[in-house]
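Trainee: missing the sequence, but the structure's below:
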């Protein structure tokens, strides 16, 4: 005969099973202490919340906060591992490139496939070789122009070298992605802009261009991103490209 016919609900039967099991295994919580942090047993104190119960509640909340922080740290660590692997692959590919065209193709493919970039713009200043509108892959737009032309929009970047992340101002957007704004399918939601640096003829670092990396995802690049990695990326790409440019001053 079923429990329903006896008037016993499945939940009640399950409760009885748990009670019986715990009664027959009194040391259960000694070997499963982790469950104690998730169990809530009110401490009766004449209708008021006792100090012990309040302390346990606070400790439980702190435990949950610590768990969330650890999960966030693990997530960041995994992202950093994947990022380091991609940078290593890019570094090796750039080292193996034998000319400027190959270097630009490797750069475009890596940023597009490994770093999920939807638009790429490379602006070189001063004395540069004659450049086509795009690299061989068609993914990277190439521009040659005086640094002064970008000073109004990227003066802070050109002075300090600190990368820009997140949503660009309209003037900055137009300066880099002006050919994207009329194409809804290629609309840029967020971007990263890094300075390209290489050792100059005097031994001091020379800033000879900027690289714009755009994404249709408005949350892909944000102001909270670490700029140290982006600065390293600018130095890496800068040195790879500068090998094929006239001597920098």
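Mentor: The structure has been received and is ready for your questions. A quick note: this is a predicted structure, and the numbers were derived from the prediction, not measured.
Trainee: please make it C-alpha for all contacts and neighbour counts, starting now.
Mentor: Fine.
Trainee: identify the bridge partners of residue 211.
Mentor: residue 122, residue 194 (DSSP bridges).
Trainee: biggest helix in the chain, by residue count?
Mentor: Assignment by DSSP state H gives helix 51-96 as the longest helix of the chain.
Trainee: which SS class is the most centrally placed residue in the chain?
Mentor: In the chain, the residue lying closest to the centroid (CA atoms, centre = their mean) is residue 225, at 6.3 Å. State at residue 225, reduced to three classes by DSSP: H, G, I helix; E, B strand; the rest coil: coil.
Trainee: wait, it sits on residue 191?
Mentor: No. Using CA atoms under 8 Å, residue 225 makes no contact with residue 191, being 11.3 Å away.
Trainee: what do these two both touch?
Mentor: Common neighbours of residue 225 and residue 191, using CA atoms under 8 Å, 6 or more residues apart in numbering, are residue 165.
Trainee: now residue 146. Nearest residue, chain neighbours left out?
Mentor: Of all residues not flanking residue 146 in the chain, residue 125 sits nearest, at 5.0 Å (CA to CA, 6 or more residues apart in numbering).
Trainee: so what's the one you found up against?
Mentor: 144-147, 208-209 are the contacts of residue 125 under CA under 8 Å, 6+ apart.
Trainee: and these, which are buried?
Mentor: Buried subset of the contacts of residue 125 (neighbour count, 16 or more other CA atoms under 10 Å): 144, 147, 208-209.
Trainee: just those: which are in helices?
Mentor: Among the buried ones among the contacts of residue 125, no member lies in helices (by DSSP H).
Trainee: about what we covered before: distance from the longest helix of the chain to the middle of the chain?
Mentor: 13 Å (CA atoms, centre = their mean, to the nearest Å).
Trainee: give me the mean pLDDT for the next helix or strand after that helix.
Mentor: Where DSSP states H and E defines the elements, the next helix or strand beyond helix 51-96 is helix 100-113. Mean per-residue pLDDT for helix 100-113: 91.
Trainee: so helix 100-113 versus helix 51-96, what angle?
Mentor: Here helix 100-113 points in a direction 160 degrees away from that of helix 51-96 (axes from the mean of the first three to the mean of the last three CA atoms, to 10 degrees).
Trainee: show residues contacting helix 100-113.
Mentor: So helix 100-113 is contacted by 90, 93-94, 97, 117-120, 135-137, 139-140, 237, 240-241, 244 (CA under 8 Å, 6+ apart).
Trainee: in it, what counts as buried?
Mentor: 100-112.
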